[in-house]
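Student: 3D model of this:
(one chain, ligands or ions: 1)
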Amino acid sequence: MVLCPVIGKLLHKRVVLASASPRRQEILSNAKDLRTPDVVIGADTIVTVGGLILEKPVDKQDAYRMLSRLSGREHSVFTGVAIVHCSSKEHQLDTRVSEFYEEMKVKFSELSEELLWEYIHSGEPMDKAGGYGIQALGGMLVESVHGDFLNVVGFPLNHFCKQLVKLYYPPRPEDLRRRVKHNSIPTVDTFEDLSDVEGSGSEPAQRDTGSCDEKAQAGEAGQAAAEAECHRTQETLPPFPTRLLELIDGFMLSKALFTACKLKVFDLLKDEAPQKAADIASKVDTSACGMERLLNICAAMGLLEKTEQGYSNTETANLYLASDGEYSLHGIIMHKNDLTWNLFTYLEFAIREGTHQHHRLLGKKVEDLFQDAYYQSPETRLRFMRAMHSMVKLTACQVATAFDLSRFSSACDVGGCTGALARELAREYPRMQVTVFDLPDIIELAAHFQPARPQAAQIHFAAGDFFRDPLPSAELYVLCRILHDWPDDKVHKLLSRVAESCKPGAGLLLVEMLLDEEKRVAQRALMQSLDMLVQTEGRERSPGEYQCLLELHGFHQVQVVHLGGVLDAILATKVAP
Ligand SMILES: C[S@@+](CC[C@H](N)C(=O)[O-])C[C@H]1O[C@@H](n2cnc3c(N)ncnc32)[C@H](O)[C@@H]1O
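Tutor: Numbers count the residues shown, from 1 in each chain. Below is the predicted model of the structure:
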């Protein structure tokens with residue numbers, strides 16, 4: 001859309017800015033002389049990251065939680081704007097609302113603790129959505145932005161002006177007819193086009209009404225079509241469904257990423273000079289034309305760089321997508337590609353039946369989730385372990401430091417798999433002895449995941465079944481992504497076995513992805529709960545639901561820390577019965 005000086009349309013109107021934000025006031029009053037107010041403009045800004053909405057922080061801790069969640073990540077800033085036109089006819093107030101929103105992507109650098117606290121102590125985060133102000137000190141946190149800068153400041157002026165153009169200069173029906181009927185390239189609005197109607201544009205969409213009357217006289221046959229067309233102005237067209245289209249095709253993006261990982265494209269390019277599509281194709285034994293398309297979409301997704309010289313890894317790809325990195329996500333990606341993807345083809349059955357779908361995939365009955373499905377062969381067992389390992393490594397350090405656990409001299413990570421979390425606990429608490437307790441087949445392979453580290457002497461492995469065998473004794477029990485695998489009866493069974501092993505004062509650290517209490521906004525956790533339906537007997541829960549479970553089994557003083565990544569932490573203490 002071509003912009004014109006449309007802001008002047010507000011000049012002689014009574015405009016109320018329905019916002020307390022001094023930044024919005026400044027943006028709008030720079031653009032327009034605010035006089036006494038017949039248009040009300042309301043706006044609000046929120047920040048979203050990983051499905052969570054961040055509003056204004058309530059205190060410094062809250063600001064810390066928000067900003068550390070944004071650190072090193074891309075987030076979205078949404079500003080919603082409503083323009084209410086008020087007029088009075090025969091003493092009746094008539095209002096017409098026009099609304100829109102604008103999204104902008106902002107990426108933060110990795111923020112050190114010192115920088116975070118220095119910024120928080122400046123006081124700037126407190127009255128700002130997401131806890132930062134990009135236009136002032138908060139600008140130093142920002143690595144890159146994509147979209148309208150003023151949107152982050154609090155008011156998307158450019159989109160606002162476009163909205164005013166739609167209101168005050170709606171396209172004439174004959175323009176629409178030209179565009180719609182002949183299926184031609186849309187005409188471009190010019191200042192001359194707009195000036196044709198300048199005089200009649202003092203109230204929004206006046207032109208429309210006049211043209212409708214003319215059309216209504218055009219004869220009965222064309223009347224319905226004419227009316228429909230009359231109403232199909234830019235203003236009344238529904239908003240373009242960008243987000244919906246992204247959702248519709250989202251699975252293709254996931255699969256493209258999975259395929260590039262499976263073909264080891266990112267391994268081939270790791271820390272290497274750019275390579276041409278044909279060379280990559282011949283090295284990984286694929287067609288050149290297929291590989292080129294795969295590489296192009298990976299570049300468009302920001303996973304590869306594409307230059308004249310060819311394709312090379314981005315930093316993200318080197319760090320997370322090559323299979324050998326310390327923080328590689330290759331393990332979880334292969335799990336999603338080889339198992340979750342296939343299970344999700346039965347999502348409709350899972351929803352109808354309320355059960356997991358391994359039996360459909362394997363063509364046989366699944367009695368024991370782990371032995372019959374995840375661990376049905378040495379390959380699938382190793383694949384599962386790699387998947388768990390890669391996810392826990394991402395967040396183990398945050399989990400280990402979410403609470404001060406230094407009062408515990410021993411811990412048992414029940415279902416501790418490869419020992420990734422145990423290692424982090426041992427590193428953080430040098431006095432702590434940590435036992436990893438898991439099924440015998442897992443314990444046998446766990447050592448492969450333990451590079452020689454000074455903490456090795458603090459870590460022990462014990463094989464057993466947590467539903468049957470005695471649990472190793474410890475002052476702190478850890479259940480990381482265990483409860484979400486099981487139905488309620490088994491959850492109670494396991495919690496009561498842990499509770500029996502605890503002396504008063506012992507701790508229980510639950511590590512799970514937490515739902516919000518209303519099960520409405522924590523998108524990643526809600527999605528994982530759906531995943532749990534398709535592939536386990538369990539589900540995700542909210543902090544309140546975990547608190548009830550814990551208290552039922554004698555664990556009190558429940559503390560919750562949202563870690564803002566893929567896992568959250570809950571610590572509770574066993575009290576005497
Ligand atoms: C979802 S994984 C979580 C692994 C690890 N805690 C993590 O977060 O990465 C569940 C773990 O529980 C273990 N497990 C399942 N059933 C078990 C049982 N009956 N006794 C002991 N461990 C079991 C599995 O082998 C697996 O390591």
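
Student: only C-alpha atoms for contact and neighbour calcs from this point on.
Tutor: Will do.

Student: and the stretch 301-450 of the chain, which of its residues are near the ligand?
Tutor: Met388, His389, Val392, Gly415, Gly416, Cys417, Asp438, Leu439 (Cα under 6 Å from any ligand atom).

Student: the same query, at a cut-off of 5 Å, please.
Tutor: Taking Cα under 5 Å from any ligand atom as the criterion, the neighbours of the ligand within the stretch 301-450 of the chain are Met388, Gly415, Gly416, Cys417, Asp438, Leu439.

Student: can I get those residues in TSV with pLDDT?
Tutor: Listed next are those as TSV, based on pLDDT from 0 to 100:
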residue	pLDDT
Met388	98
Gly415	98
Gly416	98
Cys417	98
Asp438	98
Leu439	98
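
Student: which ones among those residues are found in strands?
Tutor: Counting by DSSP state E, those place Asp438 in strands.

Student: most neighbours among the residues of the stretch 301-450 of the chain next to the ligand, which one?
Tutor: Counting neighbours by other Cα atoms under 10 Å, Gly416 comes out on top of these with 27 neighbours.

Student: wait, that one sits on Phe437?
Tutor: Yes: if you go by Cα atoms under 8 Å, Gly416 and Phe437 touch, sitting 5.8 Å apart.

Student: anything in contact with each of the two?
Tutor: When Cα atoms under 8 Å, 6 or more residues apart in numbering defines a contact, no residue borders Gly416 and Phe437 alike.

Student: tell me where the model's unsure across the stretch 101-250 of the chain.
Tutor: By pLDDT under 70, the low-scoring segments of the stretch 101-250 of the chain are 169-235.

Student: what about 90?
Tutor: 103-104, 110-119, 121, 127, 135-136, 144-237 (pLDDT under 90).

Student: ranges for the helices of it?
Tutor: Along the stretch 101-250 of the chain, the segments classed as helices by DSSP state H, counting those that start in this stretch run 113-121, 149-153, 157-168, 173-181, 191-195, 206-216, 220-231, 242-262.

Student: so which elements touch the first one?
Tutor: For helix 113-121, the packing partners by 3 or more Cα pairs under 8 Å, 6 or more residues apart in numbering; DSSP states H and E come out as helix 60-70.

Student: next, the angle helix 113-121 makes with the helix it packs on.
Tutor: Between helix 60-70 and helix 113-121, the angle comes out at 130 degrees (axes from the mean of the first three to the mean of the last three Cα atoms, to 10 degrees).

Student: closest residue of the stretch 101-250 of the chain to the ligand?
Tutor: Glu110 (24.8 Å; Cα to the nearest ligand atom).

Student: check contacts around that residue.
Tutor: So Glu110 contacts Ser71, Gly72, Arg73 (Cα under 8 Å, 6+ apart).

Student: format the residues you listed as CSV; extra columns: neighbour count.
Tutor: Listed next are the contacts of Glu110 as CSV, based on neighbours: other Cα atoms under 10 Å:
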residue, neighbour count
Ser71, 18
Gly72, 16
Arg73, 16
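
Student: what residues does the protein have near the ligand?
Tutor: The chain comes close to the ligand at residues Met388, Gly415, Gly416, Cys417, Asp438, Leu439, Asp465, Phe466, Cys480, Arg481, as judged by Cα under 5 Å from any ligand atom.

Student: now the nearest residue to the first one once chain neighbours are set aside, what are its backbone angles?
Tutor: Closest residue in space to Met388, ignoring its immediate chain neighbours: Ile332 at 7.0 Å, by Cα to Cα, 6 or more residues apart in numbering. Taking degrees, to the nearest 10, you get phi -70, psi -30 for the backbone angles of Ile332.

Student: right, and Ile332 touches Met385 too?
Tutor: No: look at Ile332 against Met385 with Cα under 8 Å: they stay out of range, at 9.2 Å.

Student: burial measure for the residue of the stretch 51-200 of the chain at minimum distance from the ligand, as a count.
Tutor: Minimum separation of the stretch 51-200 of the chain from the ligand (Cα to the nearest ligand atom) falls at Arg69, amounting to 20.5 Å. For Arg69, the count of nearby residues is 20 (other Cα under 10 Å).

Student: show me the contacts for it.
Tutor: Val49, Leu563, Gly564, Gly565.

Student: mind listing which of those residues are in strands?
Tutor: Judged by DSSP E, the subset of those located in strands is Val49.

Student: all strands of the stretch 401-550 of the chain, in order?
Tutor: 410-414, 433-438, 459-463, 476-480, 507-512 (DSSP state E, counting those that start in this stretch).

Student: next, Cys84: secondary structure please.
Tutor: You called it Cys, but residue 84 is Val. The local conformation at Val84, judged by DSSP: H, G, I helix; E, B strand; the rest coil, is strand.

Student: which strand residues bridge it?
Tutor: Beta bridges link Val84 to Val40, Val97, judged by DSSP bridges.

Student: tell me which residues form a beta bridge with Phe78?
Tutor: Ile46, Glu103.

Student: what about it, neighbour count?
Tutor: 22.

Student: list the buried residues in stretch 407-419.
Tutor: Phe408, Ser410, Ala411, Cys412, Asp413, Val414, Gly415, Gly416, Cys417, Thr418, Gly419 (16 or more other Cα atoms under 10 Å).

Student: nearest residue to Leu157 in space, ignoring adjacent ones along the chain?
Tutor: Counting by Cα to Cα, 6+ apart, Leu150 is the residue found nearest to Leu157 once chain neighbours are left out, at 6.7 Å.

Student: same check on Pro440?
Tutor: In space, Pro440 is closest to Ala463, 4.7 Å off (Cα to Cα, 6+ apart).

Student: who's in contact with that neighbour?
Tutor: Phe437, Asp438, Leu439, Pro440, Ile443.

Student: again, only this time at 10 Å
Tutor: Counting by Cα atoms under 10 Å, 6 or more residues apart in numbering, Ala463 touches 415, 436-444, 469, 471-472.

Student: give the burial count for Pro238, as a bare number.
Tutor: Counted by other Cα under 10 Å, the residues lying close to Pro238 total 9.

Student: re earlier: just the buried residues from the contacts of Ala463, in ChimeraX please.
Tutor: Applying 16+ other Cα under 10 Å to the contacts of Ala463, the buried members can be selected in ChimeraX as follows:
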select :415,436,437,438,439,442,443,471,472
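
Student: got TSV for the contacts of Ala463, with distance to Ala350 too?
Tutor: Putting those into TSV (distance: Cα to Cα, whole Å) gives the following:
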residue	distance to Ala350
Gly415	26
Val436	33
Phe437	31
Asp438	28
Leu439	27
Pro440	30
Asp441	29
Ile442	28
Ile443	32
Glu444	33
Asp469	32
Leu471	33
Pro472	36
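
Student: which one of the contacts of Ala463 is nearest Ile41?
Tutor: Gly415 (55.1 Å; Cα to Cα).

Student: ok, the closest one touching Arg481?
Tutor: Yes: using Cα atoms under 10 Å, Gly415 is in contact with Arg481, at 8.5 Å.

Student: how is this structure carved up into domains?
Tutor: By the assignment in the TED database, the chain contains the domains 2-168, 249-326, 379-574.

Student: winner for burial among those domains?
Tutor: domain 379-574 (a mean of 19; mean count of other Cα atoms under 10 Å).

Student: end to end, how far does that one reach?
Tutor: 39 Å (Cα to Cα, to the nearest Å).

Student: ok, stretch 125-142 next?
Tutor: First-to-last residue span, stretch 125-142, Cα to Cα: 14 Å.

Student: could you measure from Val81 over to Leu93?
Tutor: As judged by Cα to Cα, Val81 and Leu93 stand 21 Å apart.
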